[in-house]
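Enquirer: Below are the sequence and a predicted model; questions follow.
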Amino acid sequence: MRVLIFSLFISALIMNCKSNPYKPDLDMKEKIYFGSEGGVAGSRSEFILVKTGQIYKKVDTTYKKVATLKENTALQLFELAQNSNVFTQGYNEPGNMSQFMEFKTLKNTDRLVWSQNDASLPKNIKTFYGILSKAIK
């Protein structure tokens, strides 16, 4: 009888536990946003990479975890974002369908936007975006 009561109690606890959705506005740490936007419908697909390696996708007004990088890899990406000129180039060449990346810190936000078919896109931006895109596939 005790085992049954204990099992029911544990089951009730597990069923009542709900994971809290990620809220980027409350997370004061650095974040890397990336995705695509535009087209006739003005659609937007947005992802967020956080330093622990979790990648979240914006779905309506919430964010759902969709992938995880090794924390070591994520930290290297954040170090590269901060110490290289990838985000400080100020690249702003949107098209009908555009891709974007943002590096947000407590002090500022660096945003890059480019057309998906932009042949003049600097290689370091293209490579950085490629690494992020592979992580969500």
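Expert: Arrived safely.
Enquirer: Please, which helix or strand holds the residue positioned nearest the centre of the chain?
Expert: Residue closest to the mean C-alpha point of the chain, counted by Cα atoms, centre = their mean, is Ile48 at 1.4 Å. Secondary structure from DSSP states H and E places Ile48 in strand 43-50.
Enquirer: Can I get that strand as CSV, trimmed to CA atoms?
Expert: Taking C-alpha atoms only, strand 43-50 is exported to CSV below (Å, rounded to 0.1, in the frame of the first residue of the first chain):
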residue,chain,number,x,y,z
SER,A,43,7.6,35.9,-42.8
ARG,A,44,10.4,35.7,-40.2
SER,A,45,12.2,32.7,-38.8
GLU,A,46,14.2,33.6,-35.8
PHE,A,47,16.6,31.5,-33.6
ILE,A,48,18.6,32.4,-30.5
LEU,A,49,21.9,30.8,-29.5
VAL,A,50,22.8,31.2,-25.8
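Enquirer: Then Gly130 would be within a helix, right?
Expert: Yes. Counting by DSSP: H, G, I helix; E, B strand; the rest coil, Gly130 is located in a helix.
Enquirer: Give the burial count for it, as a bare number.
Expert: Applying other Cβ atoms under 10 Å, we find 10 residues neighbouring Gly130. Every residue, glycine included, has its C-beta placed from N, CA and C.
Enquirer: circling back: give me the pLDDT value at the residue nearest to the centre of the chain.
Expert: pLDDT, Ile48: 95.
Enquirer: how much space between the nearest residue to Leu69 once chain neighbours are set aside and Asn117?
Expert: Spatial nearest neighbour of Leu69, excluding adjacent residues (Cβ to Cβ, 6 or more residues apart in numbering): Gly53 at 4.1 Å. In this view, Gly53 and Asn117 are 31 Å apart by Cβ to Cβ, to the nearest Å.
Enquirer: Show me where this protein has its strands.
Expert: 31-38, 43-50, 54-59, 62-68, 92-93, 97-104, 109-115 (DSSP state E).
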